[in-house]
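[1] Model the following, please.
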Amino acid sequence: MKRTLAAGLFGGLGMNLAMLLTFRTIGFGWDAKGILLTSPIQSDKLIAVWTRIEPLPLVVEHPLPIIMGLMLFGFAHAFIYRSVSAAWPEGILKRGLRMTGLVFFMTYVFWEFFTPFNQFGEPLPLIALELLFWAVIAAAESFIITSIMEGGKK
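    Residues are numbered from 1 along each chain as shown. Here you go, the predicted structure:
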């Protein structure tokens, strides 16, 4: 149980850090001048949601609840890993890739399809960039969880 909780804690921290480095630094920018808000092909609706329509997203105005929520996802993903990893081939690389795929497809691809594509009309090239960001985030969290849960096995 301690290992699972540690994996969740550090996995959640890794997810937050990866999100900071991708979406915040590159995607939206520290000054709302990132590629996802300044691209000439971006949907006006998406730009308005992130910059003009009140209330702005929590992650913009009050990020702490979102940061804490991502930490909870880290714990949930560690418990999911604990329950399914025995069915996967051994090894950090093999299990980490499977966990990355599970998190990426079940969470982030669904999110991008249902919200930016469906509700905001975001263009496919920018969705592809966001999916790249999500892949980095999923891999960071998944490999941290896998490494801790596997306790240093190769």
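
[2] Could you pull out the strands in this structure for me?
    Read by DSSP state E, the chain holds no strands at all.

[3] Tell me where the longest helix sits in it.
    Criterion DSSP state H: the longest helix present in the chain is helix 124-150.

[4] Just name whatever secondary elements that one is in contact with.
    Applying 3 or more Cβ pairs under 8 Å, 6 or more residues apart in numbering; DSSP states H and E, one finds that helix 124-150 contacts helix 2-19, helix 35-38, helix 64-84, helix 92-103, helix 110-112. The way it works is simple: take the backbone N, C-alpha and C, and place the C-beta from them, glycine included.

[5] Give me the distance from that helix to the chain's centre.
    6 Å (Cα atoms, centre = their mean, to the nearest Å).

[6] quick one: average confidence on it?
    The average pLDDT for helix 124-150 rounds to 98.

[7] Show me which parts of it are buried, residue by residue.
    126-127, 129-131, 133-150 (16 or more other Cβ atoms under 10 Å).

[8] ok, residue 81 - contacts?
    7, 95, 99, 142, 145, 146, 149 (Cβ atoms under 8 Å, 6 or more residues apart in numbering).

[9] what's the burial count for the first one?
    This means residue 7. Other residues lying near residue 7 total 26 when counted by other Cβ atoms under 10 Å.

[10] So it sits against residue 141, correct?
    No - here residue 7 lies out of contact with residue 141, judged by Cβ atoms under 8 Å, at a distance of 9.7 Å.

[11] Relative to residue 108, how far out is residue 95?
    When Cβ to Cβ, to the nearest Å is the yardstick, residue 95 and residue 108 sit 19 Å from each other.
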